[in-house]
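K.L.:
can you look at this prediction? I've put the sequence above it.
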Amino acid sequence: MEAPSIGGVRVRQGDGQTVRLRRGASLTDLAEKIGVEPASLVQVLFHLGEMVTATQSVADDTLEVLGAELNYNIEVVSPEDEDRELLESFDIEFGENEGDEDDLAPRPPAVTVMGHVDHGKTKLLDALRNTNVVAKEAGGITQAIGAYQVATEVDGFERKITFIDTPGHEAFTAMRARGAKSTDIAVLVVAADDGVMPQTIEALNHARAADVPIVVAVNKVDKETADPVKVRGQLTEYGVIPEEYGGDTMFVDVSATTHQGLEQLLEAIVLTADAALDLRANPEMPAQGVAIEAHLDKGRGPVATVLVHRGTLHTGDSIVAGPAYGRVRALINDRGETVDSAPPSMPVQVLGLTSVPGAGDNFLVVEDDRMARQIAEKREARQRAAMLAKTTRRKTLDQLFEQLAKGETEELRLILKGDSAGAVEALEDSLLQIDVGDEVALRVIDRGVGAITETNVSLAAASDAVIIGFNVRAQGKATQLADAEGVDVRYYSVIYSAIDEVEAALKGMLKPIFEEQVRGQAQIREIFRSSKVGTIAGCMVLSGSIRRNASARLLRDGVVVHQSTIASLRREKDDATEVREGFECGMTLANYSDIRVDDIIETFEMVEKPRN
């Protein structure tokens with residue numbers, strides 16, 4: 001049916017029917033679905049106060065507003081549904097059908113270690129694996145996800161457990177959330193001397209959102225200030241009830257330093273897995289799982305750490321992981337050994353991908369390289385459209401007019417390069433959360449994994465961007481090109497420093513706020529005429545001080561008559577720089593002579609006001 005016009009534009013209205021669109025869809029995509037011209041939708045949005053081109057990726061909320069205006073229910077497909085529909089178009093089932101009951105075999109539990117920064121998560125894993133991970137990390141902060149497999153003996157049988165180590169710093173919320181999604185059990189590490197902290201609660205919420213059983217490891221019990229009972233009491237307030245208090249959560253007192261309680265912790269994990277979970281998978285099907293972390297290695301190319309959920313991953317398999325694809329050239333286990341295959345719950349590094357996948361991207365084995373490339377290219381196109389919609393700043397007509405009136409908003413453009421996909425994403429999320437008001441904007445125009453290249457420097461030069469390298473450096477001639485082009489390249493190894501410096505840069509771009517401060521007031525008591533100087537005001541300084549060349553205003557009966565500067569200032573017969581309260585002086589106002597007795601001359605200064 002034909003709608004009443006919206007701002008003079010007539011567009012066919014819907015009957016409330018649902019229209020499904022992918023993330024980052026354009027007005028052209030919507031126009032095809034509802035059978036109208038894209039130009040008419042551009043006009044409708046223009047009359048709603050927003051300017052969008054027909055082919056531009058549009059934010060989800062903008063699509064929903066437009067749909068409501070045209071009586072359509074716009075449903076933006078979630079990333080999970082979008083990927084499922086893509087795989088279904090290739091007749092691939094992901095993560096659902098594992099075959100008959102007879103095909104399933106027991107698999108080790110995948111365990112995520114979570115908790116507050118500096119509560120000893122990595123040292124605990126270090127003690128379990130007898131290798132030193134912490135020593136390699138800047139500031140002792142885990143800045144990449146690692147996965148390791150350990151074995152323990154329970155009831156006379158050897159049982160394997162896969163551990164996923166997640167970063168503890170608050171900036172890695174997204175990575176920790178992914179860790180919980182790819183795991184069966186969460187081990188919540190709480191320091192006995194520190195107790196429950198903000199990120200402890202955050203980690204607990206991630207584990208609950210992923211609906212996984214929790215085992216609590218009360219670490220650092222060897223310290224004199226340790227109070228494990230206090231930790232139990234604090235967690236009870238958040239609904240985590242220890243077994244000894246009648247609850248269903250196993251608490252184990254451990255010390256990563258003295259190795260106290262490590263065997264009991266491993267046993268608690270196995271018992272929790274046996275009691276609460278049915279951990280079985282089909283090892284015979286094509287492998288599927290998740291890429292926990294990925295980075296670009298100088299000698300080996302893109303390297304992804306993957307955790308196999310079901311099936312067995314073999315050398316030579318055609319694999320697609322997020323927007324990356326390739327043929328598995330080699331599989332390396334957590335001890336650095338090359339293996340031919342990886343069964344369910346085994347973490348391995350995969351070599352042979354054409355690009356670096358994102359942390360948390362699903363991977364699967366497909367029939368051949370051609371299918372892998374097609375799936376990867378479609379995933380990449382969809383992700384690019386979704387990213388454009390997310391990062392494109394909406395510009396309404398009101399904003400445009402405001403910017404035309406006061407000058408364009410200042411914008412700090414950044415190019416992010418890091419050693420791993422998860423670190424880059426966590427850094428970007430943290431930087432985009434910096435808030436210094438509406439006067440200054442921050443925009444990430446490019447991000448990637450690996451060394452800073454000449455292409456990055458050229459883009460930064462063309463767009464006046466700053467390059468941030470996180471645990472990476474410029475390679476080849478990129479350094480010389482950056483010097484020649486005047487591109488600012490900053491290197492960081494700890495995420496705190498990057499966030500602090502970018503925030504300082506943003507605040508430095510803010511226009512200063514000035515406020516007026518009155519410096520002195522003088523009353524005109526007598527007026528003298530001079531052929532050489534002009535009209536001279538004989539004054540008494542009532543408050544503050546009067547300085548030569550200071551900004552001044554003439555007040556008559558409380559009303560500002562004129563604003564100027566103090567042209568000359570004399571004390572008795574001598575020139576003076578400053579005359580203080582309680583003294584008489586003579587002065588003249590620049591380019592003004594209409595003064596009267598009892599007028600007040602007030603001097604003032606514009607002082608920069610510090611921002612909160």
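P.N.:
Right, received. Where do you want to start? Residues are numbered from 1 along each chain as shown.
K.L.:
quick one: the strands in the stretch 251-400 of the chain?
P.N.:
280-281, 288-297, 301-310, 313-314, 318-321, 324-332, 338-339, 341-342, 347-353, 362-366 (DSSP state E, counting those that start in this stretch).
K.L.:
the bottom helix or strand of this protein by mean pLDDT?
P.N.:
helix 397-406 (a mean of 53; mean pLDDT, DSSP states H and E).
K.L.:
returning to what we had before: out of the strands of the stretch 251-400 of the chain, flag the one nearest residue 576.
P.N.:
Closest to residue 576 of the strands of the stretch 251-400 of the chain is strand 288-297 (Cβ to Cβ; 70.1 Å). In this view, the C-beta of every residue, glycine as well, is placed from N, C-alpha and C.
K.L.:
partner strands of the closest one, parallel or antiparallel?
P.N.:
The strands beside strand 288-297 in its sheet (DSSP bridges) come out as strand 301-310 (antiparallel), strand 362-366 (antiparallel).
K.L.:
what ranges do the helices span in the stretch 101-250 of the chain?
P.N.:
For the stretch 101-250 of the chain, the helices defined by DSSP state H, counting those that start in this stretch occupy 121-129, 173-181, 198-209, 228-237.
K.L.:
and the top helix by length along the chain with strand 347-353, angle?
P.N.:
For the chain, the longest helix by residue count, based on DSSP state H, is helix 369-391. When axes from the mean of the first three to the mean of the last three Cα atoms, to 10 degrees is applied, the directions of helix 369-391 and strand 347-353 differ by 100 degrees.
K.L.:
just for the stretch 151-300 of the chain, where's the confidence low?
P.N.:
166-181 (pLDDT under 70).
K.L.:
go again with 80.
P.N.:
165-182, 206, 209-210, 298 (pLDDT under 80).
K.L.:
with the stretch 351-500 of the chain instead?
P.N.:
359-360, 383-411, 435-441, 476.
K.L.:
all helices for it, in order.
P.N.:
Under DSSP H, counting those that start in this stretch, the stretch 351-500 of the chain gives helices at 369-391, 397-406, 421-432, 454-463, 478-485, 495-509.
K.L.:
make sure residue 58 is actually in contact with residue 42.
P.N.:
No. Judged on Cβ atoms under 8 Å, residue 58 makes no contact with residue 42 at a distance of 10.6 Å.
K.L.:
more crowded one of the two?
P.N.:
residue 58 (26 against 19; other Cβ atoms under 10 Å).
K.L.:
what separation is there between that one and residue 83?
P.N.:
Residue 58 sits 21 Å away from residue 83, going by Cβ to Cβ, to the nearest Å.
K.L.:
ok, residue 320 next?
P.N.:
For residue 320, the distance to residue 83 equals 11 Å [Cβ to Cβ].
K.L.:
the more surrounded of these two?
P.N.:
Using other Cβ under 10 Å, the more surrounded residue of residue 320 and residue 83 is residue 320, with 28 against 19.
K.L.:
surely residue 550 touches residue 518?
P.N.:
No. If you go by Cβ under 8 Å, residue 550 and residue 518 don't touch, sitting 10.6 Å apart.
K.L.:
next, count neighbours for the nearest residue to residue 248 once chain neighbours are set aside.
P.N.:
In space, and not counting its chain neighbours, residue 248 is closest to residue 241: 6.9 Å by Cβ to Cβ, 6 or more residues apart in numbering. Other residues within reach of residue 241, judged by other Cβ under 10 Å, total 15.
K.L.:
before we move on, the earlier item: wait, which of the strands paired with strand 288-297 is closest to residue 223?
P.N.:
Nearest of the strands paired with strand 288-297 (Cβ to Cβ): strand 301-310, 32.9 Å.
K.L.:
show me the beta-bridge partners of residue 449.
P.N.:
With DSSP bridges as the rule, residue 449 is bridged to residue 418.
K.L.:
what is the burial count for it?
P.N.:
As a burial measure, residue 449 scores 24 neighbours (other Cβ under 10 Å).
K.L.:
with just CA atoms, put the longest helix of the chain into PDB.
P.N.:
Extracted in PDB, the C-alpha atoms of helix 369-391 (Å, rounded to 0.1, in the frame of the first residue of the first chain):
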ATOM      1  CA  ASP A 369      40.800 -25.500  -0.300                       C
ATOM      2  CA  ARG A 370      38.200 -23.900  -2.800                       C
ATOM      3  CA  MET A 371      35.300 -24.200  -0.300                       C
ATOM      4  CA  ALA A 372      37.500 -22.900   2.500                       C
ATOM      5  CA  ARG A 373      38.400 -19.800   0.500                       C
ATOM      6  CA  GLN A 374      34.800 -19.100  -0.500                       C
ATOM      7  CA  ILE A 375      33.600 -19.400   3.200                       C
ATOM      8  CA  ALA A 376      36.500 -17.200   4.400                       C
ATOM      9  CA  GLU A 377      35.900 -14.500   1.700                       C
ATOM     10  CA  LYS A 378      32.200 -14.300   2.500                       C
ATOM     11  CA  ARG A 379      32.900 -14.100   6.300                       C
ATOM     12  CA  GLU A 380      35.500 -11.400   5.700                       C
ATOM     13  CA  ALA A 381      33.100  -9.300   3.500                       C
ATOM     14  CA  ARG A 382      30.400  -9.500   6.200                       C
ATOM     15  CA  GLN A 383      32.800  -8.700   9.000                       C
ATOM     16  CA  ARG A 384      34.000  -5.700   7.100                       C
ATOM     17  CA  ALA A 385      30.500  -4.400   6.500                       C
ATOM     18  CA  ALA A 386      29.700  -4.900  10.200                       C
ATOM     19  CA  MET A 387      32.900  -3.100  11.300                       C
ATOM     20  CA  LEU A 388      32.100  -0.200   8.900                       C
ATOM     21  CA  ALA A 389      28.600   0.200  10.400                       C
ATOM     22  CA  LYS A 390      30.100   0.100  13.900                       C
ATOM     23  CA  THR A 391      32.900   2.600  13.400                       C
END
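K.L.:
rewinding a little: as a markdown table, the helices of the stretch 101-250 of the chain with mean neighbour count and distance to residue 561 would be great.
P.N.:
Shown next, in a markdown table, are the helices of the stretch 101-250 of the chain (neighbours: other Cβ atoms under 10 Å; distance: least, Cβ to Cβ, whole Å):
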| stretch | mean neighbour count | distance to residue 561 |
| --- | --- | --- |
| helix 121-129 | 22 | 72 |
| helix 173-181 | 22 | 61 |
| helix 198-209 | 19 | 59 |
| helix 228-237 | 17 | 68 |
